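Visitor: here is my input; please provide its structure:
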Amino acid sequence: MGQLQRGIAMLEQAKKQAHRLGLTNNAYAVDTSIATYVTRFVPNAESLERVEALLRRRAHDSYSQRALLTEAAAQRALRGRRSEATKALEAANKDALRGDTRRGKVVSFLARMWVTRWQHGPAACRALLEQAQELVEPRDVAFRAELLGFEILVARTDGDLAREQRALDELRALWRTTHHFYARGALEQFDPTIRPRAFDEDGVAPILRAVAHRDVSAISRIVSLGLLGTLPELLGLVPGRRIIVLPDEDLILLEDHGDIVVKHRPPRWCPALQRILASGDSSKERIVAGLRGLRAYHPEIHDPPVRTAIHRLRTYLQPYGTWIEVGENGYRTAVPVHLVAGIDAPVPESTPLWDEGEAPMLEPQRIPAAPRGRALAESSPQLVFQRLSELEQATVPELAKSLEVSQSTVVRALRVLLAERRVERLGFARATRYRPRVTTP
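Guide: Residues are numbered from 1 along each chain as shown. Sure, this is the predicted structure:
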C-alpha cells in the first residue's frame, strides 16, 4: 500500500509484544523485517547501520540471517562498497547451501543482480535474470516487478527496443491489476510519463529513476546520500576502473568495479594535472606548460616541482597511487579520467600549487645576464628586506611580483632573513605573510 511508517509502527509493536512474552527469536525476526524494509526505502547511512548492527548479533534463525546478508549486500553495492557486498553474498550463499526455499532463492538472485549491476553493469545481469524468472510464480508481485525492471535494463543495454517495450507494457499491466507499490516503484524508474514518486516515503525510487534517465542534476543528492555505486551508470559509463572528477561537488572518486573511494576537497592543481596525464604520456615539459602556461622549460628549475606534484598526486590517490605511472615518454594515468564538468587550467597569477616555502613554484624563468644574476643572488635578501619594509607585510607571491623575480628567489631570501631574525612569519600555508621584525630598544 505504500504506507511505510504505519507498517513499521505495527512491526515495532509486534517486537515489543514478543519481548514482553519472552519470545526472543520472534523479536529478532521482526527486527530483521523492520531493518530490511527501512533500507529499501530510506536511503540514509543509519538504515544500513541498523542492518549491520543486527548482523553483528547472534542470529536466531537461518532465514533472518540470510535476509540481512542479502539486504546488506545490495545496500553496500549501492553505496560503492562492492567488496564488502560480495563477502555478504558469499556468506548468504554458504548458509543457503543447507537448504533454501523457492522464495529464498529468488531473494538471493535479486541481491546478486543488484551487486552485479553496480559492479559490471546491467548487461552482466542477463544470466541471473533468466534463472530468477524460472522460479517466480504469478502471485509473486514484488518479485515480478523487480525482475521486470531488470529486464528493461538488460534490454536497453542490448539495444533490444522490442523487448524493452514488452517488459514496460507488462510492468504497466502489473501496476494496473495489483496497485502494488513495488510495481509502481519499478515503473516510475523507466516510464517517463509517470509521476516520479511511488509514495511519499520512498526515497530510493527517485534516485534509481535519475540513474535510469541519466539525470546529472541528481548528482548532488546522490553524493549527499552516499549512494556512490550508482554514479558510473548515471554518467553513462560501464562500471570499471577510472578516476571521476566532480568539480561542482569538490570531489574525486576512484572507481574500481563497484568499489568507490571518495577523495574530498582535492588540491586545486589536482584535477588539472590528472587531465594532462590522462591524455597519454606527458613529459615534464608538457606538465609545466599545462599547469602554468610556460613556454620555456628548464630542468634544473622545473624538475623538482614536477616530481613533487607527481608524488603528492600519488599520495592523494591512495590506495590507488599506482594509477599514476611512468611511461616511455613521461607520466600518465593507468586508468581513464572522466571529467563531469569542465575544469579550467590554472593561470599564472593564481594561488600557488604548493604551500609556499615547501617547493619551488612553476614560475616563468627569467634568464638575466650572468653578472646581474650573481649580483641579484647576493643582494636578494637585502632587496627583499627593503621591499618588505616598504610594504610593511606581504606574501611570497606579492614580493616576487613587486621585485619581478621568481618566488623561489624570494623564498631563499626569506630563509636567510628568518635565520638572521630580521623578519618574522605570520599565519601558515597559503595565508603566510612576512613582515620586518620589530626590535625593542
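
Visitor: show me what residue 324 is bridged to.
Guide: residue 333 (DSSP bridges).

Visitor: the closest residue to residue 204 other than its chain neighbours: what's it in contact with?
Guide: In this structure, residue 204 finds its nearest non-sequential neighbour in residue 43, 5.1 Å apart by C-beta to C-beta, 6 or more residues apart in numbering. All C-beta atoms are positioned from the backbone trio N, CA, C, and that covers glycine. Neighbour list for residue 43: 78, 203-204, 207, 225, 227 [criterion: C-beta atoms under 8 Å, 6 or more residues apart in numbering].

Visitor: so which helix or strand takes in residue 43?
Guide: According to DSSP states H and E, residue 43 maps onto no helix or strand at all.

Visitor: distance of it from residue 235?
Guide: Residue 43 is 19 Å from residue 235, where distance means C-beta to C-beta, to the nearest Å.

Visitor: just residue 208 next, same as before
Guide: Taking C-beta to C-beta as the measure, residue 208 falls 15 Å from residue 235.

Visitor: the more surrounded of the two?
Guide: residue 208 (22 against 16; other C-beta atoms under 10 Å).

Visitor: show me the contacts for that one.
Guide: By C-beta under 8 Å, 6+ apart, the residues touching residue 208 are 189, 230.

Visitor: buried set for the strand or helix carrying it?
Guide: Counting by DSSP H and E, the element that carries residue 208 is helix 205-212. Using 16 or more other C-beta atoms under 10 Å as the test for burial, helix 205-212 gives 205-212.

Visitor: got those as CSV, with distance to residue 276 and pLDDT columns?
Guide: Below are the buried residues of helix 205-212 laid out as CSV (distance: C-beta to C-beta, whole Å; pLDDT from 0 to 100):
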residue, distance to residue 276, pLDDT
205, 40, 84
206, 37, 85
207, 34, 88
208, 36, 90
209, 37, 90
210, 32, 90
211, 31, 92
212, 34, 90
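
Visitor: closest to residue 157 among those residues?
Guide: Using C-beta to C-beta, residue 212 comes nearest to residue 157 of those, at 11.3 Å.

Visitor: was I right about the closest one contacting residue 190?
Guide: Yes - Residue 212 lies in contact with residue 190 (C-beta atoms under 8 Å); the separation is 5.7 Å.

Visitor: and of the buried residues of helix 205-212, the nearest to residue 331?
Guide: Relative to residue 331, the closest of the buried residues of helix 205-212 is residue 211; by C-beta to C-beta it sits at 34.0 Å.

Visitor: OK, contacts around that closest one?
Guide: 218, 230, 233-234.

Visitor: the residues you listed: which two are farthest apart?
Guide: Across the contacts of residue 211 (C-beta to C-beta), the longest gap, 12.0 Å, separates 218 and 233.

Visitor: go through the next helix or strand along the chain from the helix holding residue 208 and flag the buried ones.
Guide: Next in sequence after helix 205-212, counting helices and strands by DSSP H and E, comes helix 219-225. By 16+ other C-beta under 10 Å, the buried positions in helix 219-225 come out as 219, 222-223, 225.

Visitor: could you do stretch 166-178 as well?
Guide: Those buried within stretch 166-178 under the rule 16+ other C-beta under 10 Å are 167-168, 171-172, 174-175.

Visitor: now do stretch 146-159
Guide: 146-157.

Visitor: and these, which is closest to residue 115?
Guide: Set against residue 115, the nearest of these by C-beta to C-beta is residue 150 (12.4 Å).

Visitor: neighbours of the residue nearest to that closest one when sequence neighbours are not counted, just the number please.
Guide: In space, residue 150 comes closest to residue 129 once its chain neighbours are excluded; the distance is 5.2 Å by C-beta to C-beta, 6+ apart. Applying other C-beta under 10 Å, we find 19 residues neighbouring residue 129.

Visitor: what about the strands in this protein?
Guide: 241-246, 251-256, 259-264, 324-326, 331-333, 337-339, 423-426, 433-436 (DSSP state E).

Visitor: which single one of the buried residues of helix 219-225 is nearest to residue 386?
Guide: Residue 386 lies nearest to residue 223 out of the buried residues of helix 219-225, by C-beta to C-beta, at 50.6 Å.

Visitor: contact partners for residue 313?
Guide: Contacts of residue 313 by C-beta under 8 Å, 6+ apart are 270, 273-274, 324.

Visitor: who wins on neighbours among those?
Guide: residue 273 leads the contacts of residue 313 on contacts (other C-beta under 10 Å) with 25 neighbours.

Visitor: that one and residue 146: what is the separation?
Guide: 43 Å.

Visitor: mind giving me the domain ranges of this protein?
Guide: 4-234, 240-362, 370-436 (automatic domain parsing).

Visitor: and the shortest one, how far out from the chain's middle?
Guide: In terms of C-alpha atoms, centre = their mean, to the nearest Å, the centre of domain 370-436 is set 41 Å apart from its chain centre.

Visitor: just flag the most distant two among the buried residues of helix 219-225.
Guide: It's 219 and 225 that sit farthest apart of these, by C-beta to C-beta, at 10.9 Å.

Visitor: please tell me I have it right and residue 117 contacts residue 125.
Guide: Yes - if you go by C-beta under 8 Å, residue 117 and residue 125 touch, sitting 5.7 Å apart.

Visitor: mind checking which of these two has more residues around it?
Guide: residue 117 (26 against 23).

Visitor: ok, that one - contacts?
Guide: Under the criterion of C-beta under 8 Å, 6+ apart, the neighbours of residue 117 are 77, 124-125, 150, 153, 233.

Visitor: please redo it, this time with the cut-off set to 6 Å
Guide: Counting by C-beta atoms under 6 Å, 6 or more residues apart in numbering, residue 117 touches residue 125.

Visitor: contact partners of stretch 384-404?
Guide: 356, 407, 410, 413, 417, 422, 433, 435-436.

Visitor: and stretch 129-149, by the same measure?
Guide: The contact list for stretch 129-149 (C-beta under 6 Å, 6+ apart) reads 102, 105-106, 109-110, 150, 167, 170-171, 178, 180, 182-183, 186.

Visitor: as TSV, the residues you listed with pLDDT and distance to residue 300 would be great.
Guide: Below are the contacts of stretch 129-149 laid out as TSV (pLDDT from 0 to 100; distance: C-beta to C-beta, whole Å):
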residue	pLDDT	distance to residue 300
102	82	74
105	85	68
106	87	68
109	90	63
110	91	62
150	94	60
167	93	65
170	93	71
171	93	67
178	90	76
180	87	72
182	85	68
183	87	70
186	88	64
